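Q: Build me a model from this:
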Amino acid sequence: MGPHLHVTLPDGASRDLVLDRDAGSAGFTLGRLPDNSFCLSEGSASKRHAAVRFQDGRWVVCDLGSSNGTYVNGDAVTVHPLRHGDEIRIGETVLCFVDPAAATLIQTEAGGDGTQTIVAHLAHDVGFLPVDVIRDQGQLRRDYEKLRIAAEFSRAVGLERDIDVLLERILDFAFGTLPADCGAILLVDEATGEMSPRVVVNRSARASTDTETTAGDWHVSRSVLERVRTRSESVLIWDAEGEDDWQNVRSLQMEGVQSAMAVPLTIQDTVTGVLFLDNRSAKGAFGERDLQILSGIAVQASLALERTSLARKFEAEAKRRAHLHRFLSPALVRQVEKGELSLEPGGTSREVTVLFSDIRGFTALSERMGPQGTVAMLNEYFGAMVDMVFEHGGVLDKFIGDAILAMWGAPVAQPDDAARALACAGAMQRRLAGLNEQRVARGDDAIGAGIGLNTGEAVVGNIGSPRRLEYTVIGDAVNVASRLCGQAEAGAVLVAKATVDRAQSDLALEPLDPIRVKGKTEPIELYGLAP
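A: Okay, the predicted model is just below:
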């Protein structure tokens, strides 16, 4: 029987309704009127309730404007493509769509010299049929085989995260289940779109002292791969010998292949790879059942690859988010996560206000405290200071030993960036004074820090090597801020005139004598920020 509807009526009776592709545009109609293809006697059905039609190469169910709706697998639909095993519900009547051709359709193609190649078209995984639809023991055996393969595969592969180890385990599982001599998994490169072998295993080489086959010296017919990839077909080759007038077979003969199978690895309806097995000692080594088993393995392998890919993406995103929280305030992190703010590789020139803070007498402090005490002191100090930076909308660039580099004006510029930086410097010194009271009270050394502020043009962005990019700021404005910080005594804040001019702040600023700094020919006009 071809495609049909297995109907279960409200009284429990059932029957099969054969579908005809040539039924015309009306299709196979369902409703209360007797002139429908199948008359529904229950009151919840409309006169012309729904139709099943063959259109655009597949079967679909169409609701015909019914009063109570047409449902497929529990969801109300208007037009819905049908897959093998889908359950259509109209009121209390259940119609299960059955398409035997969707399971396995075997097509024989003649080779150049009369030998034959078997091609199995697997449109999609048929899943598990409702129990009242199953008519033969063979279907039960096939369903059991799917469950067995899934269970065995899970035990063999587990939750492996390393992609290469995962692929090797998939091939090892295939070898343990099927009579293969050589196998390979080819994956599509997301960047280039090209398919290439990621892992190759030669079982005969493993059993001898020969060198194992590597991905670099292993070849497979591009015709076979393209058929699998472009048509999402599973290919079963019974006999590859003698067809030397066909490129496909010539490629297989180069490897000494007698018979072979290739199945697609599919993620979200896209072929992302191919699982290939061959036998080099016997013609007809693989049959239809072997192809079904390998297809089952491919389904499980695709799920494992998708799971591994998602896990790696989640880990990468978690690391990226943790990295963002290191140098951006929570408000800016939220903008990045929403896509409102981009941190693309590369640098741009922009005006920024740069803050440098450095602990005074750090070498002597660290010698008295020892390594563990020094680390504990820095963690406490950095935690308090960074809180102040973020509270004032700044960006933490980096820690340089015991120094802190922060900036305002990037990646988002605000009109009051300089004023925020100036206020932050004062808040940092006040917060440090409070922290020192706690430290002295518990018998720890007080910490003294000097701060320098400067405003000017600098290059900001993700800067570094392909292996490591870091969001940072570089340029003369940064160097001047560092030099001012170096001149500031413990508890002092030295501010360049450029920052004062931009800030227009009402904070108490005291003019100081200009100073000369390394790398600048003119003295820097300077102000001190009162505590």
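
Q: For the longest strand along the chain, list every residue counted as buried.
A: Criterion DSSP state E: the longest strand present in the chain is strand 448-465. Going by neighbour count (16 or more other Cβ atoms under 10 Å), the buried part of strand 448-465 is 448-456, 458-461. For the C-beta atoms, the positions are set from N, CA and C on the backbone; glycine is no exception.

Q: again with stretch 279-292
A: 279-280, 285-286, 290-292.

Q: model confidence over it, on average?
A: For stretch 279-292, the mean per-residue pLDDT is 78.

Q: and if you look at stretch 41-58?
A: On average, stretch 41-58 scores 88.

Q: Any chance you could list what contacts it?
A: Identification of contacts with stretch 41-58 by Cβ atoms under 8 Å, 6 or more residues apart in numbering yields 5, 10, 19, 21, 23, 25-33, 36, 40, 59-68, 70, 81-82, 88, 90-93, 97.

Q: Which ones among the buried residues of stretch 279-292 lie within helices?
A: In helices, judged by DSSP state H, the following of the buried residues of stretch 279-292 are found: 290-292.

Q: Including distance to residue 480, could the residues you listed go into a markdown table?
A: Output for those, formatted as a markdown table (distance: Cβ to Cβ, whole Å):
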| residue | distance to residue 480 |
| --- | --- |
| 290 | 74 |
| 291 | 72 |
| 292 | 73 |
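
Q: Relative to residue 75, which of the residues you listed is nearest.
A: residue 292 (29.8 Å; Cβ to Cβ).

Q: And that closest one, how far from residue 286?
A: Residue 292 sits 11 Å away from residue 286, going by Cβ to Cβ, to the nearest Å.

Q: Likewise for residue 256?
A: From residue 256 to residue 286 the distance is 16 Å (Cβ to Cβ).

Q: Repeat that for residue 17.
A: Taken as Cβ to Cβ, the span from residue 17 to residue 286 is 37 Å.

Q: Narrow the contacts of stretch 41-58 to those in strands?
A: 5, 28-31, 59-63, 70, 81, 88, 90, 93, 97.

Q: Which parts of the chain are helices?
A: Using DSSP H, helices in the chain cover 100-103, 137-157, 163-177, 203-206, 222-231, 247-254, 288-327, 330-337, 362-391, 417-441, 476-487, 497-503.

Q: Let me have those helices in CSV, extended by distance to residue 74.
A: Below are the helices of the chain laid out as CSV (distance: least, Cβ to Cβ, whole Å):
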stretch, distance to residue 74
helix 100-103, 21
helix 137-157, 22
helix 163-177, 34
helix 203-206, 46
helix 222-231, 32
helix 247-254, 45
helix 288-327, 23
helix 330-337, 34
helix 362-391, 48
helix 417-441, 55
helix 476-487, 62
helix 497-503, 63
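
Q: Now do stretch 177-187: distance to the chain's middle.
A: 26 Å (Cα atoms, centre = their mean, to the nearest Å).

Q: tell me how far the ends of it are from each other?
A: For stretch 177-187, the first and last residues are 22 Å from each other (Cα to Cα, to the nearest Å).

Q: Just the buried residues of that stretch, please?
A: Buried, per 16+ other Cβ under 10 Å, within stretch 177-187: 177-178, 180-187.

Q: With stretch 89-96 instead?
A: 89-91, 93-96.

Q: Mind picking the two most distant members of the residues you listed?
A: Applying Cβ to Cβ across those, the maximum distance is between 91 and 96, 15.4 Å.

Q: before we move on, the earlier item: could you pull up the mean pLDDT of the longest strand of the chain?
A: Taken as a whole, strand 448-465 carries a mean pLDDT of 88.

Q: Dump that strand to CSV, restricted to CA.
A: Extracted in CSV, the C-alpha atoms of strand 448-465 (Å, rounded to 0.1, in the frame of the first residue of the first chain):
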residue,chain,number,x,y,z
GLY,A,448,48.7,54.4,49.7
ALA,A,449,48.0,55.1,46.0
GLY,A,450,48.6,58.0,43.6
ILE,A,451,46.3,58.8,40.7
GLY,A,452,46.9,60.6,37.4
LEU,A,453,44.3,61.8,34.9
ASN,A,454,44.6,63.1,31.4
THR,A,455,42.4,63.7,28.4
GLY,A,456,43.3,63.4,24.7
GLU,A,457,43.3,61.4,21.5
ALA,A,458,44.1,57.7,21.7
VAL,A,459,43.6,54.5,19.7
VAL,A,460,40.9,52.3,21.3
GLY,A,461,39.7,48.9,20.3
ASN,A,462,40.4,45.1,20.2
ILE,A,463,44.1,45.2,19.7
GLY,A,464,46.6,42.3,19.6
SER,A,465,47.4,39.2,17.7
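
Q: which other helices and strands contact it?
A: strand 346-360, helix 417-441, strand 468-474, helix 476-487, strand 493-496, helix 497-503 (3 or more Cβ pairs under 8 Å, 6 or more residues apart in numbering; DSSP states H and E).

Q: Looking at those, which one is packed in the most?
A: strand 493-496 (a mean of 28; mean count of other Cβ atoms under 10 Å).

Q: got any ranges where the stretch 1-150 of the chain has weak pLDDT?
A: Applying pLDDT under 70 to the stretch 1-150 of the chain flags residues 1, 101-143, 145-146, 149-150.

Q: List the residues that contact residue 423.
A: 392, 505, 507.

Q: Residue 510 is in contact with residue 495, isn't it?
A: No. Using Cβ atoms under 8 Å, residue 510 makes no contact with residue 495, being 9.7 Å away.

Q: shared neighbours of these two, anything?
A: Common neighbours of residue 510 and residue 495 (Cβ under 8 Å, 6+ apart) are 527-529.

Q: Selecting buried members of these in ChimeraX, what would you type?
A: Buried members of those can be picked out in ChimeraX with the line below, counting by 16+ other Cβ under 10 Å:
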select :527,528,529
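
Q: which one of the shared contacts of residue 510 and residue 495 is nearest residue 438?
A: residue 529 (23.4 Å).

Q: where does that closest one land on pLDDT?
A: 90.

Q: check contacts around the closest residue to it other than its chain neighbours.
A: Of all residues not flanking residue 529 in the chain, residue 493 sits nearest, at 3.9 Å (Cβ to Cβ, 6 or more residues apart in numbering). The contact partners of residue 493, taken as Cβ under 8 Å, 6+ apart, are 425-426, 429, 450-453, 528-529.

Q: sorry, back to before: export the buried residues of stretch 279-292 as a markdown table, with columns for distance to residue 162.
A: Putting the buried residues of stretch 279-292 into a markdown table (distance: Cβ to Cβ, whole Å) gives the following:
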| residue | distance to residue 162 |
| --- | --- |
| 279 | 29 |
| 280 | 29 |
| 285 | 31 |
| 286 | 29 |
| 290 | 28 |
| 291 | 29 |
| 292 | 29 |
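
Q: Could you identify the most distant pair in those residues?
A: 280 and 292 (22.3 Å).

Q: count of residues packed around the residue nearest to residue 235 when sequence neighbours are not counted?
A: Residue nearest to residue 235 in three dimensions, not counting chain neighbours: residue 262, with 4.7 Å by Cβ to Cβ, 6+ apart. Residue 262 is flanked by 26 other residues according to other Cβ atoms under 10 Å.

Q: distance of residue 262 from residue 437?
A: The gap separating residue 262 from residue 437 is 74 Å, by Cβ to Cβ.

Q: cool, and residue 428?
A: For residue 428 relative to residue 437 (Cβ to Cβ), the value is 15 Å.

Q: Also residue 170?
A: Per Cβ to Cβ, residue 170 is found 62 Å from residue 437.

Q: likewise residue 35?
A: In terms of Cβ to Cβ, residue 35 sits 93 Å off from residue 437.

Q: Next: residue 463.
A: 39 Å.

Q: Same question for residue 263.
A: For residue 263, the distance to residue 437 - Cβ to Cβ - is 71 Å.
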